[in-house]
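S.K.: sequence below, structure please.
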Amino acid sequence: MNAQELRIGNYIEELCFDRKEIVQVESLENGNEGIINNARAGFYLPIQLTEDWLLNFNFVRQGNREMWVKGKICVVLMDYPNIRGASTGNRFYIGYKDIGNVIYHTQFEVPHVHTLQNAYALSGQELILNKTV
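M.R.: Numbering: from 1, shown residues only. A predicted model of the protein is given here:
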């Protein structure tokens with residue numbers, strides 16, 4: 001994981017001997033390898049985004065669709081074809097609602113929890129966990 005992708009408050013997995021633990025980024029330093037929470041960046045992994053994470057961030061699932069909404073931000077689980085038309089498999093994409101419109105425009109893939117946190121911060125708000133992970 002590249003420490004430059006992160007912000008203070010992002011959730012990541014810390015490798016602790018034979019187990020992984022979810023932690024929040026408390027400090028960042030740039031250098032040859034990057035330092036996160038006073039340890040080399042190589043001791044940390046991104047957390048894959050899942051429906052559970054979306055629900056814990058208070059996103060609401062829209063009916064039986066693979067869409068979760070919070071305010072003017074939505075996350076969609078879709079199988080977008082690549083430029084050659086081949087399937088890429090189901091992936092999470094973030095979208096923004098147009099003002100006065102109900103159309104969500106997909107912007108980019110959000111494979112990890114910290115990617116969602118950083119993209120959501122562009123709305124001027126931070127994602128707060130509903131419960132402890």
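S.K.: packing partners for the longest helix seen in the chain?
M.R.: What stands out as the longest helix in the chain, according to DSSP state H, is helix 113-121. Here helix 113-121 touches strand 11-16, helix 51-56, strand 73-78, strand 91-97, strand 104-109, going by 3 or more CB pairs under 8 Å, 6 or more residues apart in numbering; DSSP states H and E. Bear in mind the C-beta positions are built from the backbone N, C-alpha and C, glycine included.
S.K.: now do the second one, average pLDDT.
M.R.: The predicted model assigns helix 51-56 a mean pLDDT of 94.
S.K.: next structured bit after it?
M.R.: Reading on from helix 51-56 to the C-terminus, the next helix or strand found by DSSP states H and E is strand 60-61.
S.K.: for the first one, same thing?
M.R.: Sequence-wise, the next helix or strand beyond strand 11-16 is strand 19-24, with elements assigned using DSSP H and E.
S.K.: any idea which helix or strand comes after that next one?
M.R.: Toward the C-terminus from strand 19-24 - assigned by DSSP H and E - lies strand 28-29.
S.K.: could you list the residues in contact with that next one?
M.R.: 3, 6-8, 34-36 (CB atoms under 8 Å, 6 or more residues apart in numbering).
S.K.: swap in 6 Å and give it another go.
M.R.: Strand 28-29 has contacts (CB atoms under 6 Å, 6 or more residues apart in numbering) with 3, 35.
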